[in-house]
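*Asks:* sequence first, predicted model second:
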Amino acid sequence: MDWKNENVLVTGGGGFLGRKIIEDLVGLNCASIRSIGRKPQPGLEKMGVEVLCGDIQDLSFVMKACESRSLVIHTAALAGVWGRGEDFYGINVIGTQNIIESSKKQGACTLVYTSSPSVAYSGNTENADESAPYPKKYLAYYPETKAIAERAVLKANSANFATVAIRPHLIWGPGDPHLLPRVIERARKGKLSQVGDGKNLVDMTYIDNASSAHIAAAETLRTSQKANGKAYFVSDGKPVLLWDWINNLLKELGIPPANRKISYRSAYAAGFLIEFLYKGIPFPGEPYMTRFVAGQLAFSHYFNISAARNDLGYKTKVSPDEALKRTIEYLKKHN
């Protein structure tokens, strides 16, 4: 694939994943790169990226953003374990529908969509592949709306419009604004408790690897049809014992480990009660425990990435050990 002929649109370019994808695209010398997001991104503009500010729920804005684009990489989403259902639906579903419609009408022939393994998560999940079905019921709006959007993206695939969905699991690394900062903050306050028996295996996806998966997917759609209309799990390729991994990270940062333990049943019951209270009283922020979070912290959830390796030629650019080393160095420097 000759990236020098590609005019790329990246949604959510100011986000953790979107920015890394743009940095990698700049290195590939694309013809042009455009980013859309809610806020100005002067850092991207310094890299020669065209930045448009707007809301992906606004069809006219998205239609303008998709003008003269040959490839769209759609990473923008509302993530989180709590919030209003209409907000998640508006951004994750309506926004994605606008991206699909605008891409097709404006002549983009390729769409790479950032999905989530949570669309196929239904409790303890060990080495699941893409044949795993969508659950009949979800415990949070985020995976529910991401599943609706993923289905729409895959259904939109056609002879003239190639689509693919990438499901990176727990993206982490230097500059991560969500996953690690929350864990570290709770640990520093002495509020981090191990949920479950601590034997649960969980996949992680280092930021460089997540970005490379999206670029590999775009290249595959351009050079063959084997990935068209399909979804792919991606990760670092080696699940970790979640609580050992967390406590090792905390130890390296000089923070006491999570010594307190709570059973899954107790955490689930607490989550149920807290969700009930949050629905009745508009507390600020996200609840510290929900039914969905209880399962994520207590159960195994790791996936078979053979399909991504075989179809997309996906490879982990950075090994888990090197990824952890880089991340610890970053956290020590910035915290």
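*Replies:* Yep, that arrived. Residues are numbered from 1 along each chain as shown.
*Asks:* mind saving the C-alpha coords of stretch 99-106 as CSV?
*Replies:* This file holds the C-alpha atoms of stretch 99-106, laid out as CSV (Å, rounded to 0.1, in the frame of the first residue of the first chain):
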residue,chain,number,x,y,z
ILE,A,99,-19.4,8.5,9.9
ILE,A,100,-20.6,5.6,7.7
GLU,A,101,-23.1,7.7,5.8
SER,A,102,-20.7,10.6,5.2
SER,A,103,-17.8,8.3,4.3
LYS,A,104,-19.8,6.6,1.6
LYS,A,105,-21.4,9.8,0.2
GLN,A,106,-18.0,11.6,0.1
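*Asks:* quick one: average confidence on that stretch?
*Replies:* Stretch 99-106 carries an average pLDDT of 96.
*Asks:* what's it in contact with?
*Replies:* 11, 56, 59, 62-63, 65-69, 72, 74, 111, 152-153, 156, 161, 163 (Cβ atoms under 8 Å, 6 or more residues apart in numbering). C-beta here means a position set from N, CA and C on the backbone, and glycine is covered the same way.
*Asks:* try 6 Å this time
*Replies:* V62, M63, C66, E67, V72, H74, L111, A156, F161 (Cβ atoms under 6 Å, 6 or more residues apart in numbering).
*Asks:* equivalent analysis for stretch 11-27, please.
*Replies:* Contacts of stretch 11-27 (Cβ under 6 Å, 6+ apart): 8, 10, 33, 35-37, 41, 44, 47, 49, 73-76, 171, 176-177, 207, 210-211, 214-215.
*Asks:* of those residues, select the buried ones using a ChimeraX command.
*Replies:* Remark: buried members of those, expressed as a ChimeraX selection using 16 or more other Cβ atoms under 10 Å:
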select :8,10,33,35,36,37,41,44,49,73,74,75,76,171,176,207,210,211,214,215
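*Asks:* among the contacts of stretch 11-27, name the ones in helices.
*Replies:* Counting by DSSP state H, the contacts of stretch 11-27 place L44, I207, A210, S211, H214, I215 in helices.
*Asks:* burial check on G198, number of neighbours?
*Replies:* Using other Cβ atoms under 10 Å, the number of residues around G198 comes to 15.
*Asks:* no, scratch that, I was asking about N5
*Replies:* For N5, using other Cβ under 10 Å, the count is 10.
*Asks:* what does I99 give?
*Replies:* 28.
*Asks:* now do H334
*Replies:* Neighbours of H334 (other Cβ under 10 Å): 8.
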